[in-house]
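In: here is the input, now give the coordinates:
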Amino acid sequence: MRYLKLTFPVLAVFVLASCSSFWNLGGETRSGVSSSLVDYLYPAGEIPPEIQDTIPYLELPLRVGIAFVPAQGSRSVISEATKVELLEKVKAEFKDREFIERIEVIPDNYLRTGKGVNGMQQVARLYGVDAMALVSYDQVAVSEDNPASFLYWTIVGSYVIKATSNEVQTFVDTAVFDVKTARLLFRAPGLDKMSDRSTLVEAGEVVRKAREASFVAAMQLMTENLAIELDDFRQRVKKDPQVAQVEWKLGSGGGSIGLWFLLGLLVTVVAQRFQEYQVRGGEAVDQ
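Out: The predicted model follows:
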């Protein structure tokens, strides 16, 4: 009987320790995923080339490609379908700009086939675009138990008590490059931070939803900043020709040859009618 009394506490401690190990009680769980623009453009530790004096030459309206930089490893924050959906939202914000001819949403698996500046340029040629907008990201999720987590020792507590603090922080950054010169034209960031509490059992699902929601919020903020940076870039081009040379394509709108041709034609017609009026002694010309 004495041995039974000694065995029970030891067995209880063993069981509780096993539960603690199984549920990871009293600790912190941290996970992250990222895609690096630098690692994509300059893989295997390549040294970036020196910036050339070549000034980007942009023919408006531009054809732009937009894509996510592939994540490091096989992990991804969101599904491929969600990535395309988010990029389509960015596209919708800029498709009506007069200086943009079209925007191509490019799946990131095309970028996986070839890294580096040459890889980016090959994808750009495949889609027939003049500029590439590359979206990179970094996200960290942390789950930590607070003092109330001692109730997780009970089955009811693990299902009812919200003693787990979950925090997700997401940073996205879009860098726009001129394809020919591989020069960075401008960039726009987006940052979001979310926190929530959950029970031990639902923590995994809560974090999954928070990661996706945080990513969507960061992308929205990035899109707003992208519009601001784009307008700022246009102003910088007007003030400093060394930033980029911009011309409209033949026959396109926005101060193009087509508009000047119509204005010239109108001036010619008015001049001809004025000369005809003078020849007839100032009488009105009856057509």
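In: mind listing what the nearest residue to residue 29 once chain neighbours are set aside touches?
Out: Among residues not flanking residue 29 along the chain, residue 143 sits closest, at 4.5 Å (C-beta to C-beta, 6 or more residues apart in numbering). C-beta here means a position set from N, CA and C on the backbone, and glycine is covered the same way. Taking C-beta atoms under 8 Å, 6 or more residues apart in numbering, we find residue 143 in contact with 28-30, 164-167, 203, 207.
In: now with 10 Å?
Out: Contact analysis of residue 143 by C-beta atoms under 10 Å, 6 or more residues apart in numbering lists 24, 27-31, 164-168, 198, 200, 203-204, 206-207, 210.
In: which of those residues count as buried?
Out: For the contacts of residue 143, a burial check counting by 16 or more other C-beta atoms under 10 Å picks out 164-168, 198, 200, 203, 206-207, 210.
In: where does the stretch 101-250 of the chain have low pLDDT?
Out: Low-confidence segments of the stretch 101-250 of the chain (pLDDT under 70): 147-153, 156-157, 159-160, 163.
In: and residue 71, helix, strand or coil?
Out: Classification of residue 71 using DSSP: H, G, I helix; E, B strand; the rest coil returns coil.
In: state the pLDDT value of the nearest residue to it once chain neighbours are set aside.
Out: Leaving aside its sequence neighbours, residue 71 sits nearest to residue 35 (C-beta to C-beta, 6+ apart; 4.6 Å). If you check residue 35, the pLDDT there is 93.
In: over to residue 2?
Out: 47.
In: and for the one 10 residues further on?
Out: In the predicted model, residue 12 carries a pLDDT score of 40.
In: stretch 191-205: which residues count as buried?
Out: Buried residues in stretch 191-205, counted by 16+ other C-beta under 10 Å: 191-192, 194, 196, 198-201, 203.
In: for the host helix or strand of the residue nearest to residue 29, buried residues please.
Out: Assessed by DSSP states H and E, residue 143 sits inside strand 131-145. Across strand 131-145, burial judged by 16+ other C-beta under 10 Å covers 131-143, 145.
In: what does stretch 110-126 give?
Out: In stretch 110-126, counting by 16+ other C-beta under 10 Å, buried: 110-111, 115, 117, 119-121, 123-124.
In: also stretch 55-74?
Out: By 16+ other C-beta under 10 Å, the buried positions in stretch 55-74 come out as 56, 58, 60-71.
In: dump those residues to a markdown table, plus distance to residue 176, secondary structure and pLDDT.
Out: Shown next, in a markdown table, are these (distance: C-beta to C-beta, whole Å; DSSP: H, G, I helix; E, B strand; the rest coil; pLDDT from 0 to 100):
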| residue | distance to residue 176 | secondary structure | pLDDT |
| --- | --- | --- | --- |
| 56 | 11 | coil | 92 |
| 58 | 11 | strand | 92 |
| 60 | 14 | strand | 92 |
| 61 | 15 | coil | 94 |
| 62 | 10 | strand | 94 |
| 63 | 13 | strand | 96 |
| 64 | 8 | strand | 97 |
| 65 | 10 | strand | 97 |
| 66 | 9 | strand | 97 |
| 67 | 12 | strand | 97 |
| 68 | 14 | strand | 96 |
| 69 | 13 | coil | 95 |
| 70 | 18 | coil | 91 |
| 71 | 20 | coil | 87 |
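In: what's the closest of the residues you listed to residue 225?
Out: Nearest to residue 225 among the buried residues of stretch 55-74: residue 66, at 14.8 Å, using C-beta to C-beta.
In: residues contacting the nearest residue to that closest one once chain neighbours are set aside?
Out: Distances taken as C-beta to C-beta, 6+ apart place residue 133 nearest to residue 66, at 4.2 Å, with adjacent residues excluded. Residues near residue 133 by C-beta under 10 Å, 6+ apart: 64-67, 87, 90-91, 94, 103, 106, 174-177, 185-188, 226.
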